[in-house]
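> Pasting the sequence and the predicted model now:
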Amino acid sequence: MSHDGTQQKLVRMANQIATFFHSQPEAERVQGVATHINKFWESRMRRQFFEMIEEGGEGFDPLVLEAAAHIRKPAPPAPPQASA
């Protein structure tokens, strides 16, 4: 899958989560989106998510953008090990 295709998929997935939480009580929405992403998205997905947010977050539901402050930012990937 292309980089753009992966980004589109992440936007779609995040927005689907937000769509569900729009039906929940307002006090639970932001934390609900953040909790779901923290529990079910692997570090690689969250890393790309934050790259997209830093680039402006185009296409994300406003609820996703608000929840970003509560999503755990993963550590940068470890550099490749040199062969001995």
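That came in fine, so what should we check first?
> CA only for contacts and neighbour counts going forward, please
Fine.
> Where do the strands of this protein begin and end?
With strands called from DSSP state E, the chain shows none.
> tell me, what residue is most central in it?
The residue lying closest to the centre of the chain (C-alpha atoms, centre = their mean) is Phe49, at 4.2 Å.
> That one contacts Lys9, correct?
No: applying C-alpha atoms under 8 Å, one finds Phe49 not in contact with Lys9, separated by 10.6 Å.
> Give me the neighbour count for Pro77.
Neighbourhood size, Pro77 [other C-alpha atoms under 10 Å]: 9.
> Look up how far Met45 lies from it.
Distance of Pro77 to Met45, computed by C-alpha to C-alpha, to the nearest Å: 12 Å.
> Equivalent analysis for Asn15, please.
For Asn15, the distance to Met45 equals 14 Å [C-alpha to C-alpha].
> which non-adjacent residue is nearest the residue nearest to the centre of the chain?
Leu10 (7.1 Å; C-alpha to C-alpha, 6 or more residues apart in numbering).
> Return the per-residue confidence for the nearest residue to His36 once chain neighbours are set aside.
Excluding its sequence neighbours, the residue lying closest to His36 (C-alpha to C-alpha, 6+ apart) is Ile17, at 7.8 Å. Ile17 carries a pLDDT score of 98 in this model.
> okay, now Ile17: neighbour count?
Using other C-alpha under 10 Å, Ile17 is surrounded by 20 other residues.
> ditto for Pro80
Pro80 has 6 neighbours, counted by other C-alpha under 10 Å.
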